[in-house]
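J.: Output the structure for:
(one chain, ligands or ions: 1)
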Amino acid sequence: MTTYEVRVPRRRPGPGGAVGKEAVREAVRKESRKEGAGVDQDRWRHYLAAYHDERPGITERFLGRADTSPYAWLAEPLRGRDGPVLDLACGSAPVRPLLAGAHWLGVDASPGELAAAARAGRGPLIRGDAARLPVVDGTVDAVCAAMCLPVLTPRDRVLAEIRRVLRPDGMLAALVPATRGLSPAGLARWARVMATLGTLRQPWPDPHARDGLAHLLRHAGFEVIADEPRVFTLALTGTDDGHLLVDALYLPHLSADRTRAAKKKLGSWAASGRRLELPLRRVVARRG
Ligand SMILES: C[S@@+](CC[C@H](N)C(=O)[O-])C[C@H]1O[C@@H](n2cnc3c(N)ncnc32)[C@H](O)[C@@H]1O
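T.: Purely as a prediction, here's the structure:
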């Protein structure tokens, strides 16, 4: 986990209050050069496709170790909406049972993830690319985006697609990993995990789509209604949970030897029972 945040320079708004957008753009560009730099988008897409086909349902299993369900938190603002809900990059579709009465549709690029969703009796499902959604303009009442926006590329195209498919008053509810909110002990625990893995951070292709997501959405034309951080706690109660932790992180550069060694260490670390803080962020926005 990193300490990334978009720092927007404080300046007086110009006539019409127009300063904000350019300041945000510049702050985002600056951060891109730092943290997101070096992530080749084609290689990332290949890595992501193989990763999810090899580990279907991994995100749901990992978040399933949380004290309360982050998916239930995400689903709250979507309940009671009567139009179609598109679950973007739905994975194994953990949100589906939480919106049982909704006209729900899951879209994901990974056949492995979609098969896991289908095995769990969750549907309907379509295989598709978030950057080219197989959905007609202005037909969706809400888009649910669980844990996916920082990994979907190219970001501008994906956000434009979400806006395209939403009705004019449609809503986006997104859940993303965050970096802020860890206690000192929580930070130390993550530092220990990452040191065992021999790395400082996961190489997110779009790190700004975490704590900076609200800024990005405003910039893309959305009206942000809520931007809320919340720290969940994962209970790691056995060797398998230590292995799950290693498998659940995006670490494209980790060698097979290092992975084996880290699993051994983190497996025995988790065996005696550990708690790991997991800061997340829920952002709710209107199409605007
Ligand atoms: C972190 S997982 C989140 C899955 C699910 N929303 C959840 O929370 O359990 C990211 C998901 O994005 C999907 N994905 C990656 N690239 C995609 C793309 N270009 N279009 C659609 N889905 C994509 C992956 O297959 C994976 O299921």
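J.: and the protein, which residues reach the ligand?
T.: Taking Cβ under 6 Å from any ligand atom, the part of the chain that reaches the ligand is made up of 48, 52, 59-60, 89-92, 94, 108-110, 113, 129-131, 146-148, 151-152. Every C-beta, even on glycine, is put in place using the N, C-alpha and C of the backbone.
J.: Strands - which of those residues land there?
T.: With strands defined by DSSP state E, the entries of the residues of the chain next to the ligand inside them are 108, 146.
J.: Can you select the buried ones from the residues of the chain next to the ligand in ChimeraX?
T.: This is the ChimeraX syntax for the buried subset of those, where burial follows 16 or more other Cβ atoms under 10 Å:
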select :48,52,59,60,89,90,91,92,94,108,109,110,113,129,130,131,146,147,148,151,152
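J.: Filter the residues of the chain next to the ligand down to the ones in helices?
T.: Cross-referencing the residues of the chain next to the ligand against helices under DSSP state H gives 48, 52, 59, 60, 113.
J.: what's the closest non-adjacent residue to the residue of the stretch 51-200 of the chain found nearest the ligand?
T.: The ligand sits closest to residue 91 of the stretch 51-200 of the chain, with a gap of 2.6 Å, by Cβ to the nearest ligand atom. Nearest non-adjacent residue to residue 91, counting by Cβ to Cβ, 6 or more residues apart in numbering: residue 113, 4.7 Å away.
J.: Count the neighbours of residue 117 for me.
T.: If you count neighbours by other Cβ atoms under 10 Å, residue 117 ends up with 26.
J.: check which helix or strand covers it.
T.: helix 111-119 (DSSP states H and E).
J.: Next SSE downstream of that helix?
T.: By DSSP H and E, the next helix or strand past helix 111-119 is strand 125-127.
J.: What are the buried residues along that next one?
T.: By neighbour count with 16+ other Cβ under 10 Å, strand 125-127 contains the buried residues residue 125.
J.: for stretch 63-83, same thing?
T.: Across stretch 63-83, burial judged by 16+ other Cβ under 10 Å covers 63, 65, 66, 70, 71, 73, 74, 75, 77, 78, 81.
J.: Same check on stretch 194-214?
T.: Those would be 194, 196-197, 199, 201-214, for stretch 194-214 by 16+ other Cβ under 10 Å.
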